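**Student:** Here is my input; please provide its structure:
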Amino acid sequence: MKNSTLVRLQETAKLEKMIKENYSYEEILAQSKKLDELIVHEMKKINNIESIDKTDKTD
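**Tutor:** All right, here's what the predicted structure looks like:
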């Protein structure tokens with residue numbers, strides 16, 4: 001498992017715990033935004049890899 005995936009899973013677990021334990025709206029929102037940034041970062045990495053793979057192929 002890649003490091004960024006592990007971090008994202010840990011942050012997801014933290015958000016779930018915060019929701020279950022009724023943290024304040026602001027705290028949950030901040031954690032959710034942090035998780036969103038990690039997801040966007042991972043998606044950009046995936047898209048970059050896929051676009052490189054597509055340009056390397058010759059027909």
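**Student:** host element of the most centrally placed residue in the chain?
**Tutor:** A centroid search over the chain (C-alpha atoms, centre = their mean) returns I39, at 2.3 Å, as the residue closest to the centre. Element membership for I39 (DSSP states H and E) is helix 25-56.
**Student:** Check which residues of that helix are buried.
**Tutor:** Across helix 25-56, burial judged by 16 or more other C-beta atoms under 10 Å covers Q31, L35, L38. Glycine gets a C-beta too; all of them are placed from N, C-alpha and C.
**Student:** Closest to I19 out of the residues you listed?
**Tutor:** Comparing the buried residues of helix 25-56 against I19 with C-beta to C-beta picks out Q31 as the nearest, at 9.0 Å.
**Student:** Now tabulate the buried residues of helix 25-56 in CSV and tack on pLDDT.
**Tutor:** Listed next are those as CSV, based on pLDDT from 0 to 100:
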residue, pLDDT
Q31, 97
L35, 96
L38, 94
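**Student:** returning to what we had before: now that the residue nearest to the centre of the chain has come up, it's in contact with R8, right?
**Tutor:** Yes - using C-beta atoms under 8 Å, I39 is in contact with R8, at 6.6 Å.
**Student:** what stretches of the protein score poorly on pLDDT?
**Tutor:** 1-2, 56-59 (pLDDT under 70).
**Student:** ok, 90 please
**Tutor:** Where the chain drops to pLDDT under 90, the residues are 1-5, 45-59.
**Student:** Give me the buried positions along the helix or strand that contains R8.
**Tutor:** Per DSSP H and E, R8 falls inside helix 3-20. For helix 3-20, the neighbour count (16+ other C-beta under 10 Å) marks R8, E11, L15, M18 as buried.
**Student:** Okay, the third one and K54: tell me how far apart.
**Tutor:** Applying C-beta to C-beta, to the nearest Å, the value for L15 to K54 is 34 Å.
**Student:** can you check the first one too?
**Tutor:** Spatial separation of R8 from K54 under the definition C-beta to C-beta is 25 Å.
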